[in-house]
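A.B. asks: Got a sequence here, can you build the structure:
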Amino acid sequence: MKLDRHIIVVSALIACLFIGACKKADEVSPYISISSPAEATLFNVFDTVHVSFEISDETNLQGATVELVNQNFVAVTPKIGIQNYIGSVELVINDKLLETGDYYVLITANDGTNEAREYRKIRIAAIPKARRGIYVATTNGSLQDNVWKVDSLMQHFQSMIQPGQDVLKLRVNSMFDKLTLAGNLSTGLKTYDLKSGTLDWSDNVFNVSHTERFEDLHYYESTVYVTIYDRELRGYTLSGALSLKLPTGSYRPELVYRIGTYLLVEMNLVGDDRHILNVYHATTNGLLWQQEFPMDIVSIAALQNDEVLVFGNDGNQARVFHFDIGENGWWEPRQLPSGKIFDVVPLEGNSFAISHEDGIYAYTYSPNYLNLIKTGAVYQDLSFDEDHGTLLAATGNLLEEMTLNGQTINQISVSDSIVSFDIHYTR
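C.D. replies: From the prediction side, this is the model:
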């Protein structure tokens, strides 16, 4: 028995000598040292981060990469392969959408068996949100409207786009430098790249013009929503791919608004005067519930969480309702002056600007306060400038910039009557 055990041990030793099976497993991870940038160094978007390092291993390195990640460890720059393990690389912060906050230089190295990671925290300051210009659609009553660019100082304007159709509404997506417009009696839905001024994509939707086509146009992050007179709701990606195509049966979709996970669509029952707000799940597009409102809805504005203010006209009477989406219930927080509303935009905090037949009202939800700040004209379109903290308003062919107290501080007259306008920011 002892002899047998001796033979087994000798055989195992011989096998180790021939095949190297007795080598100890590699349990040591690569060594990584980052010498620059220094901890908590501040960078701006579009800066270059110079990363210096030393990487080594007691066996043989198989590869290493460096990248920039956010606090959730999601990459915000592409990975760069490291060729020289004692050296440096440069990471360019070229994502203009990055928010101010802490980020990490991440170096990863492996030796074929073990992987090591080393982090160096830096801080990135976002691009300030500044007004770059204002895009204005005008009409002379034909189906050949124009889109103009007004400079950031509102001193000059120039023709930018001849879409070859009329324009119901235009919207600018500053995050991706896109402008989308939809026609009313024309068939075109078109998206332009504002960097090059060229047409990105279009969808005619119909083959026949000179009848009502689009009812509303709304941007939410990278999705374009449109409501179509021929009883259909659509959503498009920034590249023009159809992400939502929903026939609406006996209801004609009119206004569309997205807030978080909810997609709100005003529906008008064909042959009836009732207006119903459909609430869809924005991801699955499933209908969650419906709520009838005693008015034609003009505008929806976020209030808090999943609560919104719904503004509209009941005949010649302006009205506002507080709608709790999650509870599917509404109530009327105050009575508005007699006369029609044309547009509503959120201001700072829980305040709103209301374009009314009387002029422009400033409305604060809490404390509940309404103040007429501008008279003498009817303004068909409003926008709040987040950069300047001012209100932009269009009446006829005049674009005005005013304080939140209604004092005009700038104005410019463009060719023909303004149909729609929107602000282009740096981000």
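
A.B. asks: Neighbours of residue 294, how many?
C.D. replies: By the criterion of other CB atoms under 10 Å, residue 294 has 13 neighbours. Backbone N, C-alpha and C define where each C-beta goes, glycine included.

A.B. asks: tell me the contacts of it?
C.D. replies: Residue 294 sits next to 275, 314, 319 when contact means CB atoms under 8 Å, 6 or more residues apart in numbering.

A.B. asks: For the first one, the count of nearby residues, please.
C.D. replies: By that I understand residue 275. 20.

A.B. asks: Now render the contacts of residue 294 as TSV, adding pLDDT, distance to residue 101 and secondary structure.
C.D. replies: Putting these into TSV (pLDDT from 0 to 100; distance: CB to CB, whole Å; DSSP: H, G, I helix; E, B strand; the rest coil) gives the following:
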residue	pLDDT	distance to residue 101	secondary structure
275	92	42	strand
314	96	46	strand
319	98	41	strand
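
A.B. asks: ok, residue 160 to residue 226 distance?
C.D. replies: 22 Å (CB to CB, to the nearest Å).

A.B. asks: So for these two, which sits in the more crowded spot?
C.D. replies: residue 226 (25 against 17).

A.B. asks: isn't the more buried one right up against residue 217?
C.D. replies: Yes: using CB atoms under 8 Å, residue 226 is in contact with residue 217, at 5.4 Å.

A.B. asks: what is in contact with those two at once?
C.D. replies: In contact with both residue 226 and residue 217: 182, 189, using CB under 8 Å, 6+ apart.

A.B. asks: Now do stretch 297-315: distance to the chain's middle.
C.D. replies: How far stretch 297-315 lies from its chain's middle: 20 Å, per CA atoms, centre = their mean, to the nearest Å.

A.B. asks: Would you mind measuring the gap between the ends of that stretch?
C.D. replies: This stretch, stretch 297-315, spans 11 Å end to end (CA to CA, to the nearest Å).

A.B. asks: contacting residues around that stretch?
C.D. replies: By CB under 8 Å, 6+ apart, the list of residues contacting stretch 297-315 reads 254-255, 257, 259-260, 262, 264, 266, 275, 277, 293-296, 318-326, 330, 333, 340-346, 350, 352, 354, 365.

A.B. asks: Generate the PyMOL command that creates a selection of the buried members of those.
C.D. replies: Paste this into PyMOL to select the buried members of these, with burial taken from 16 or more other CB atoms under 10 Å:
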select buried, resi 254+255+257+259+262+264+266+275+277+293+295+296+318+319+320+321+322+323+325+330+340+341+342+343+344+345+350+352+354+365
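
A.B. asks: Can you flag which of the contacts of stretch 297-315 belong to strands?
C.D. replies: 254-255, 257, 259, 262, 264, 266, 275, 277, 293, 296, 318-324, 330, 341-346, 352, 354 (DSSP state E).

A.B. asks: what number of residues lie near the nearest residue to residue 44 once chain neighbours are set aside?
C.D. replies: Of all residues not flanking residue 44 in the chain, residue 125 sits nearest, at 5.0 Å (CB to CB, 6 or more residues apart in numbering). Residues near residue 125, counting by other CB under 10 Å, number 14.

A.B. asks: So what's the residue count around residue 328?
C.D. replies: 13.

A.B. asks: Number of residues surrounding the nearest residue to it once chain neighbours are set aside?
C.D. replies: Distance criterion CB to CB, 6+ apart; nearest residue to residue 328, sequence neighbours excluded, is residue 289 at 4.9 Å. Using other CB under 10 Å as the criterion, residue 289 is surrounded by 11 other residues.

A.B. asks: repeat for residue 74
C.D. replies: If we define neighbours as other CB under 10 Å, then residue 74 has 7 of them.

A.B. asks: Quick check, pLDDT for it.
C.D. replies: Residue 74 carries a pLDDT score of 94 in this model.
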